[in-house]
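*Asks:* have a look at this prediction, sequence included:
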Amino acid sequence: LGKAGMLQRLRTLMGAAPDPAPALAAARDAALLAALGEPERIDRDGDRRHRVDVHVYARDFAADRASGRDEGCVLVTSGMSDRLMAMPEGYDGDESAARELLWYVRAPHQAFIERLRWLAKLPFAEGSWLGYGHTVPLPEPPLAGSPFSTFLLLPPVVAADRHLFDNLHLHGQGVEPLAVHLVSDAEYDLVRSDEGLDVFLDLLDVHRYPLVFDPARPSYL
């Protein structure tokens, strides 16, 4: 046996489960390829301790319409789900502790990629977790002069994207995607208030909130 095989056999004899990360990473990349095709590029993470790559996929967001084009990109993290987030003690909800993040943008600016990777690593740096409706203020906006500097996390609007990782699991937890959105300070204050998230989601419908991030959109509050 080679060194890797000897270590694996020792783990088995000692009753330890094999490290799921390499197998999970391969299955995750296969799922992305099957659903989204070949990425335009992959922004590789140099952090070997907890690597989170960001895949960039071109997408026509008007593909379901009879005519016209609405070109943009989908940014998808790959590596966040190699570890489980620390859920609150006694948590009995149905959200997964294994997540990956998506962001719909016009162009894959490096600042977007870096902020998305930062967000994917934040729960492990702070011993916290990310889930539906969570908000995360950024140290600075991803674009100079932008009024949007807080991430809001929601399930992906595109049905197919909600099912990207349906067959992937880590320690019994399903790998589930979350889509990131940027909100203004006033919108952030509303979301944090009692029942504010539901009110804000209604506002998005009223204003026909764009699926693809638009740094020029007005604040809805």
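*Replies:* The structure has been received and is ready for your questions.
*Asks:* how about Ala160: what's its closest non-neighbour residue?
*Replies:* In space, and not counting its chain neighbours, Ala160 is closest to Ala35: 6.5 Å by Cβ to Cβ, 6 or more residues apart in numbering. Just so you know, the C-beta spots here come from the backbone N, C-alpha and C atoms, and that holds for glycine as well.
*Asks:* ok but that neighbour is inside a helix, no?
*Replies:* Yes: the assignment for Ala35 (DSSP: H, G, I helix; E, B strand; the rest coil) places it in a helix.
*Asks:* OK, contacts around it?
*Replies:* With contact taken as Cβ atoms under 8 Å, 6 or more residues apart in numbering, Ala35 is in contact with Ala160, Asp161, Leu164.
*Asks:* ok, how many other residues are close to Val132?
*Replies:* For residue 132 the amino acid is Tyr, not Val. Neighbours of Tyr132 under the rule other Cβ atoms under 10 Å: 13.
*Asks:* helix/strand/coil for it?
*Replies:* With three-state DSSP as the basis, Tyr132 sits in coil.
*Asks:* what of Glu114?
*Replies:* Judged by three-state DSSP, the three-state class of Glu114 is helix.
*Asks:* against Pro210, how distant is it?
*Replies:* Separation of Glu114 from Pro210 (Cβ to Cβ, to the nearest Å): 22 Å.
*Asks:* Ala159 now?
*Replies:* Ala159 sits 18 Å away from Pro210, taking Cβ to Cβ as the criterion.
*Asks:* which of these two has more neighbours?
*Replies:* Pro210 (15 against 8).
*Asks:* first-to-last residue distance for stretch 74-89?
*Replies:* One end of stretch 74-89 to the other measures 34 Å (Cα to Cα, to the nearest Å).
*Asks:* buried ones in that stretch, by neighbour count?
*Replies:* 74-85, 87 (16 or more other Cβ atoms under 10 Å).
*Asks:* in strands only, show me those residues.
*Replies:* Judged by DSSP state E, the buried residues of stretch 74-89 include Val74, Leu75, Val76, Thr77, Ser78 as members of strands.
*Asks:* dig out what the fourth one forms beta bridges with.
*Replies:* Meaning Thr77. Beta-bridge partners of Thr77, counted by DSSP bridges, are Val54.
*Asks:* just checking, what packs against the strand ranked longest in the chain?
*Replies:* Longest strand of the chain, by residue count under DSSP E: strand 173-184. Helices and strands touching strand 173-184, by 3 or more Cβ pairs under 8 Å, 6 or more residues apart in numbering; DSSP states H and E, are strand 98-105, strand 148-154, helix 159-162.
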